[in-house]
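> The following block contains a protein sequence and its predicted model.
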Amino acid sequence: MLLKEYRICMPLTVDEYKIGQLYMISKHSHEQSDRGEGVEVVQNEPFEDPHHGNGQFTEKRVYLNSKLPSWARAVVPKIFYVTEKAWNYYPYTITEYTCSFLPKFSIHIETKYEDNKGSNDSIFDNEAKDLEREVCFIDIACDEIPERYYKESEVVRDILLIGHRQAFAWVDEWYDMTMDEVREFERATQEATNKKIGAFPPAISISSVPLLPSSVRSAPSSAPSTPLSTDAPEFLSVPKDRPRKKSAPETLTLPDPETKTTLNLPGMHSSDKPCQPKSE
């Protein structure tokens with residue numbers, strides 16, 4: 001199991017960022033969504049945990065085939081999504097990611113917000129603090145974002161860098177919001193995002209054709225039914241009453257080598273003299 005700890009210093013207090021991170025997530029999801037791809041909000045409702053108290057549970061589906069590098073698109077299904085489940089007990093959150101075609105793949109993220117400069121080496125008070133991990137510091141002001149470069153070990157880092165940088169860049173838009181106002185913004189933005197990518201996940205259009213007996217079908221029932229036959233389709237078959245063409249005539253007459261043939265082509269003269277442009 002790979003374990004990494006990212007420390008991000010923000011020019012905001014923990015109370016201020018409670019509004020900022022909700023605003024950033026909603027707006028960023030909307031901007032990154034388009035027809036057929038993006039972030040679909042499946043569930044967003046209050047949740048109560050006996051240990052962490054009151055919070056908010058969200059479930060999202062992230063359709064991102066076009067965001068993958070070319071080598072990854074070659075090996076994954078054309079239509080797939082990543083499921084995100086998040087339990088927000090701010091200033092503590094839990095986020096889990098699973099993939100629709102890789103059931104054994106998962107990412108588990110625990111986030112804590114504190115009013116310090118990232119100097120707390122024992123911020124996690126559970127078994128994670130005793131595990132060996134790599135600590136990475138993210139500078140939202142100076143760290144570069146690669147444009148056309150993909151490295152698996154840096155994917156999470158780049159996402160965190162972009163998200164937190166945008167939260168600060170949009171500070172003038174959300175700083176004076178109340179919790180009720182940002183929740184209303186979140187609700188309206190999520191509805192607009194779902195409409196933007198479509199009410200349903202991308203689907204392949206299948207023509208309606210009569211079903212054939214199972215004995216002549218080998219594809220799944222969801223696939224178009226095609227009769228299995230060894231005969232060519234009618235439009236590709238050679239008519240039986242049409243005589244086959246011969247590869248060459250029965251007699252071949254060669255022209256007399258002493259006879260000269262003159263060709264008159266548009267815009268050209270054929271003669272023994274050098275070619276001259278034709279006067280129009």
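That came through fine.

> Report the contact partners of the nearest residue to residue 42 once chain neighbours are set aside.
Distances taken as CB to CB, 6 or more residues apart in numbering put residue 59 closest to residue 42, at 4.5 Å, once the chain neighbours are dropped. For the C-beta atoms, the positions are set from N, CA and C on the backbone; glycine is no exception. Counting by CB atoms under 8 Å, 6 or more residues apart in numbering, residue 59 makes contact with 41, 42, 43, 44, 83, 84, 85, 86.

> so residue 59 sits in a strand?
Yes - under DSSP: H, G, I helix; E, B strand; the rest coil, residue 59 falls within a strand.

> mind saving the C-alpha coords of the least confident helix or strand in the chain by mean pLDDT as CSV?
Lowest on mean pLDDT, DSSP states H and E among the helices and strands of the chain sits helix 70-73, with a mean of 75. Extracted in CSV, the C-alpha atoms of helix 70-73 (Å, rounded to 0.1, in the frame of the first residue of the first chain):
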residue,chain,number,x,y,z
SER,A,70,-3.4,8.1,-25.0
TRP,A,71,-1.8,4.9,-23.7
ALA,A,72,-4.5,4.7,-21.0
ARG,A,73,-7.3,5.3,-23.4
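
> Which neighbouring elements make contact with the next helix or strand after it?
Using DSSP states H and E, the helix or strand that follows helix 70-73 towards the C-terminus is strand 82-89. If you count contacts as 3 or more CB pairs under 8 Å, 6 or more residues apart in numbering; DSSP states H and E, strand 82-89 packs onto strand 38-49, strand 53-63, strand 92-99.

> What residues of the shortest one count as buried?
The neighbour-count check on strand 92-99 (16 or more other CB atoms under 10 Å) flags 93, 94, 97, 99 as buried.

> Around residue 162, count how many other residues there are.
When neighbours are defined as other CB atoms under 10 Å, residue 162 has 15 of them.

> hang on, it in a helix?
Yes - secondary structure of residue 162, determined by three-state DSSP: located in a helix.

> Let me see the contact set for it.
Counted by CB under 8 Å, 6+ apart, residue 162 has contacts 28, 145.

> ok, it to residue 140 distance?
9 Å (CB to CB, to the nearest Å).

> name the element residue 19 belongs to?
Using DSSP H and E, the element containing residue 19 is helix 14-31.
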